[in-house]
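Colleague: Let me see the structure of the following:
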Amino acid sequence: MDAAGPDQITFLANPRYAHKVKDTRAGAIIVHDSVGELPIPALLSRNPYLDFARALGLFYQAPRPPAGIHPMAVISELATIGENASIGAFAVVGPHVSIGRDAVLHPHVVIYEGVTIGDDFLAHSHVTVREHCRIGNRVILQNGVVIGGDGFGFAKRADGTHYKIPQSGPTILEDDVEIQSLTNIDRATVGETRVRRGAKIDGLVQVGHACEVGEDNIICSQAGLAGSTILEKNVLLAGQAGISGHLTIHEGAIVYAQSGIGGDVAAGTVVSGSPAFDASTWRRAVTVFPRLPEILRQMRQQERRIAELEAASRPPAAGQPKEGQ
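Modeller: Next up, the predicted model:
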């Protein structure tokens with residue numbers, strides 16, 4: 001609202017910012033239908049944030065490279081590429097790969113052997129999809145994403161050295177998944193790693209081997225999931241949340257930023273802290289943390305005062321004069 005001009009549109013989704021509307025220079029505003037009279041033309045919406053996003057989609061269209069395979073791309077003769085695909089320079093597609101219709105592979109994308117990809121796939125530069133992984137329809141991978149890199153698994157020998165455990169299970173991305181830049185989704189030792197339909201994963205996230213990311217999950221930047229973590233439907237992990245692995249975060253749970261999760265999280269709960277516990281309790285506790293040194297000083301003063309009062313109230317030992325004698 002602060003920056004919009006007369007030929008632009010803005011939105012009000014949070015009532016806390018309603019006071020800014022009177023000062024905006026925007027040509028129109030998208031607002032909730034419960035908002036009262038406004039000084040500029042209003043488009044009424046039950047979800048202003050969503051409808052503003054839809055408006056952006058109308059006004060801004062990301063450039064799409066033309067269909068065709070660049071002469072400097074390397075495509076295996078054993079690969080199958082769907083119609084209307086665009087494959088950029090220095091992209092590599094291995095043998096026995098199947099890619100659906102309307103795919104876009106930007107320069108330097110690498111697709112290993114045996115990968116299966118659905119329709120409307122978009123991979124930005126330097127994406128890597130490892131062997132035998134499976135990707136659904138309308139999946140978007142931002143720059144530098146690695147799908148199906150080896151899980152972190154080693155067995156210790158008697159002499160203390162480490163034996164690398166083969167990571168044989170593929171990573172599977174279901175329909176409508178989007179993964180932001182420089183995120184890794186590891187393949188499984190056995191079985192599979194799976195990201196379910198509609199999940200959105202931010203940049204610099206680590207998803208360990210044999211994890212399951214549930215439908216419509218939101219995982220924010222720098223979160224980390226250790227192996228065999230299960231996230232059920234509609235889980236939200238805020239930034240830098242750490243999950244210790246071999247546990248389940250149940251449907252609808254919210255994990256606040258920088259929380260450390262060491263056990264299962266119940267459905268619909270909100271947790272925070274490390275180790276994490278109920279977020280409302282954590283908010284009350286965190287306000288006390290800066291005062292702990294002063295509280296401790298006061299407690300010690302009271303303890304000394306109590307000790308002095310107790311000593312003064314004790315009867316004198318045998319043979320000792322009473323007070324005043």
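Colleague: tell me the contacts of the residue nearest in space to the middle of the chain?
Modeller: Centroid-nearest residue in the chain, with Cα atoms, centre = their mean: residue 219, separated by 1.6 Å. Residues in contact with residue 219 (Cβ atoms under 8 Å, 6 or more residues apart in numbering) are 199-202, 205, 207, 213, 225, 231, 236-237. To be clear about C-beta, it is placed using only N, CA and C from the backbone, and glycine gets the same treatment.
Colleague: next one: residue 89
Modeller: Counting by Cβ under 8 Å, 6+ apart, residue 89 makes contact with 70, 72-73, 107-108.
Colleague: and after the lowest-mean-pLDDT helix or strand in the chain, which helix or strand comes next?
Modeller: Ranked by mean pLDDT, DSSP states H and E, the helix or strand of the chain with the weakest confidence is helix 279-288, at a mean of 89. On the C-terminal side of helix 279-288, the nearest following helix or strand under DSSP states H and E is helix 292-313.
Colleague: hang on, the earlier thing: would you turn the contacts of residue 219 into TSV with pLDDT and neighbour count?
Modeller: Formatted as TSV, these follow (pLDDT from 0 to 100; neighbours: other Cβ atoms under 10 Å):
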residue	pLDDT	neighbour count
199	98	25
200	98	17
201	98	25
202	98	21
205	98	24
207	98	30
213	98	27
225	98	30
231	98	29
236	98	18
237	98	28
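Colleague: which residue sits closest to residue 121 in space, ignoring its chain neighbours?
Modeller: Using Cβ to Cβ, 6 or more residues apart in numbering and skipping the chain neighbours, the partner closest in space to residue 121 is residue 103 (4.3 Å).
Colleague: What is the neighbour count of that neighbour?
Modeller: Around residue 103 sit 25 other residues, with neighbours defined as other Cβ atoms under 10 Å.
Colleague: And residue 305, by the same measure?
Modeller: If you count neighbours by other Cβ under 10 Å, residue 305 ends up with 10.
Colleague: got any ranges where the stretch 51-200 of the chain has weak pLDDT?
Modeller: For the stretch 51-200 of the chain, applying pLDDT under 70 flags no range at all.
Colleague: hmm, 90 instead?
Modeller: 59, 61-63 (pLDDT under 90).
Colleague: related to what we said a few turns ago, would you list the phi and psi of the residue nearest to residue 121?
Modeller: Here is the backbone geometry of residue 103 (degrees, to the nearest 10): phi -80, psi 150.
Colleague: Was I right to think it contacts residue 82?
Modeller: Yes - the pair residue 103 / residue 82 is scored as a contact, 6.3 Å apart, by Cβ atoms under 8 Å.
Colleague: what residues are shared contacts of the two?
Modeller: Taking Cβ under 8 Å, 6+ apart as the contact rule, residue 103 and residue 82 both touch residue 119.
Colleague: residues touching residue 13, list them.
Modeller: Contact partners of residue 13, counting by Cβ under 8 Å, 6+ apart, are 32, 48-49, 52.
Colleague: Mind doing that once more with 6 Å?
Modeller: Counting by Cβ atoms under 6 Å, 6 or more residues apart in numbering, residue 13 touches 48-49.
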